[in-house]
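1. coords please:
(one chain, ligands or ions: 2)
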Amino acid sequence: MPIALITGVAGQDGSYLAQLLLSKGYEVHGIVRRSSMLSRGRLEQMHDGTHEGTLQLHYGDLDDPIGLVRLMQTIAPDEVYHLAAQSHVQVSFDMPDYTGSVTGLGTMRLLEAIRVSGVPARFYQASSSEMFGASPPPQNEDTKFHPRSPYGVAKVYAYWATVNYRESYGMFASNGILFNHESPRRGENFVTRKITKGVAAILAGQQEKLHLGNLDAKRDWGFAGDYVEGMWRMLQHHQPDDFVVATGEAHSVREFCELAFGRAGLDYEQYVVVDERYFRPAEVDYLLGDPSKATRELGWTPATTFADLVSMMVDADRAVLGA
Ligand code: NAP
Ligand code: GDD
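-> Ligands and ions are numbered 1, 2, ... in the order given. As a prediction, the model looks like this:
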């Protein structure tokens, strides 16, 4: 039974990836923080006894390098999926130093923990389309990085740390450059979930308006459940490499609102209020990924359409509130 270690297992992607690996019969280990109690709800469905593999949680933190070495020695994983990060772009403007430490240096600490422990693990780095920032679309593996936030800057550092450990030590280390991906398990302060939760709250009579920032930003939004399959395929590939994972289709925040409110029979223009508090010091205007390398070399394609994703998220939030 292969052994996998997932950092950030309690996050959106961590929960979908754990589910995928368990269905393949893996022994899955996940790192959680003591403060991960709130997000652990995402993992509850993994304990229902229907999965083949096993899941064990360990306390750890990217700010605790010795703890990371000890975990690596104890677990001796075949595959490490590094998903943990301070992952919110706007928060990174408020906490640039902290974001650099966790999202940037944290990756270096984990790579170093693998190296010094001598475990021959394959390594996946959760790189981001946010690294492309101001570079015009479409973006692929050859597009120049021009990050527009402390988060993007930290992810560029982590991307190059991964490439550097591959080149310096022959480590099987790959970057998945994933464009935005969403789901009903998405954190509530990312724009898609904020909108779908807002639609449900308005329908339930709990909220009258939805305050949002820039409605004109465009993103290439896919479904997280499809994207974790791409992560797994990268670590099964015959060689380490870097891959863009995206749908190849972009939509504005405004279009997302139109579809989400429309799904509930509402007109978004009557409820959405543009609020300057949610504008960022520098914006990423237009992300549109070209996933042709992942399709060609990994056989990966997205299965969920944009419209289906929006409906899935609205319906899930309505079900929670009974609206
Ligand atoms: P997420 O829901 O925010 O999950 C991130 C996880 O990292 C959380 O479980 C969090 O733990 C954990 N974490 C944060 N700081 C930590 C620390 N110091 N030590 C240990 N764990 C820590 O993010 P996601 O959407 O699943 O994304 C997964 C990864 O992909 C992230 O690295 C993100 O930056 C990257 N990414 C995401 C997207 C996207 O669209 N979702 C696109 C490209 C790249 P707590 O539960 O304790 O807070
Ligand atoms: N969060 C948020 N809240 N974003 C808003 C709002 C709002 O009220 N109103 C408008 N937006 C706009 C943001 O300005 C941005 O242009 C867009 O909606 C998407 O914002 P987020 O959902 O916060 O995602 P992101 O694109 O900044 O970052 C996500 O995707 C990256 C990949 O490109 C995160 O998941 C990152 O971790 C990930 O790397």
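2. what segments of the stretch 151-300 of the chain are helices?
-> 191-203, 224-236, 253-263, 292-298 (DSSP state H, counting those that start in this stretch).
3. out of the ones you listed, nearest to ligand 2?
-> helix 191-203 (3.6 Å; C-beta to the nearest ligand atom). All C-beta atoms are positioned from the backbone trio N, CA, C, and that covers glycine.
4. next up, the contacts around the residue in the stretch 51-200 of the chain that ligand 2 sits nearest to.
-> Nearest to ligand 2, among the residues of the stretch 51-200 of the chain, is Ser128, at 3.2 Å (C-beta to the nearest ligand atom). Ser128 sits next to 151-152, 155, 177-178 when contact means C-beta atoms under 8 Å, 6 or more residues apart in numbering.
5. and the stretch 51-200 of the chain, which residues reach ligand 2?
-> With C-beta under 6 Å from any ligand atom as the criterion, the stretch 51-200 of the chain comes near ligand 2 at residues 87, 89-90, 128-130, 179-180, 189-191, 194.
6. check these one by one and keep those near ligand 1.
-> Answer for those near ligand 1 (C-beta under 6 Å from any ligand atom): 87, 128, 180.
7. contact partners for the last one?
-> By that I understand Asn180. By C-beta under 8 Å, 6+ apart, the contact list for Asn180 reads 129, 192, 219-222, 287.
8. go again with 6 Å.
-> Listed by C-beta atoms under 6 Å, 6 or more residues apart in numbering, the contact set of Asn180 reads 219, 221.
9. distance of it relative to Thr304?
-> Per C-beta to C-beta, to the nearest Å, Asn180 is found 13 Å from Thr304.
10. three-state assignment of Val28?
-> Following DSSP: H, G, I helix; E, B strand; the rest coil, we place Val28 in the strand state.
11. I'd say it and Leu21 touch.
-> Yes. Val28 is within contact range of Leu21, at 5.0 Å (criterion: C-beta atoms under 6 Å).
12. can you pull the contacts of Thr99?
-> 86, 92, 150-151, 154.
13. which ones are touching the closest residue to it other than its chain neighbours?
-> Of all residues not flanking Thr99 in the chain, Ser92 sits nearest, at 4.1 Å (C-beta to C-beta, 6 or more residues apart in numbering). Residues counted as contacts of Ser92 (C-beta under 6 Å, 6+ apart) are 99, 149-151.
14. is it possible to export the contacts of Ser128 to JSON lines including distance to Arg33 and pLDDT?
-> Shown next, in JSON lines, are the contacts of Ser128 (distance: C-beta to C-beta, whole Å; pLDDT from 0 to 100):
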{"residue": "Tyr151", "distance to Arg33": "19", "pLDDT": "98"}
{"residue": "Gly152", "distance to Arg33": "23", "pLDDT": "98"}
{"residue": "Lys155", "distance to Arg33": "20", "pLDDT": "99"}
{"residue": "Ile177", "distance to Arg33": "26", "pLDDT": "99"}
{"residue": "Leu178", "distance to Arg33": "22", "pLDDT": "98"}
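15. tell me which of the residues you listed is nearest to ligand 1?
-> When these are compared for distance to ligand 1 (C-beta to the nearest ligand atom), Leu178 wins out at 3.9 Å.
16. what comes up buried for stretch 291-299?
-> Within stretch 291-299, the residues that count as buried by 16 or more other C-beta atoms under 10 Å are 291, 293-295, 298.
17. export the residues you listed to TSV and tack on distance to Val272 and pLDDT?
-> Output for the buried residues of stretch 291-299, formatted as TSV (distance: C-beta to C-beta, whole Å; pLDDT from 0 to 100):
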residue	distance to Val272	pLDDT
Pro291	30	98
Lys293	37	98
Ala294	34	98
Thr295	35	98
Leu298	38	98
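18. just to revisit the earlier point, pull out the buried members of the residues of the stretch 51-200 of the chain next to ligand 2.
-> The buried subset of those - by 16+ other C-beta under 10 Å - is 87, 89-90, 128-130, 179-180, 190-191, 194.
19. please convert these to a markdown table, extending it with pLDDT.
-> Converted to a markdown table, these look like this (pLDDT from 0 to 100):
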| residue | pLDDT |
| --- | --- |
| Ser87 | 98 |
| Val89 | 98 |
| Gln90 | 98 |
| Ser128 | 98 |
| Ser129 | 98 |
| Glu130 | 98 |
| Phe179 | 98 |
| Asn180 | 98 |
| Phe190 | 98 |
| Val191 | 98 |
| Lys194 | 98 |
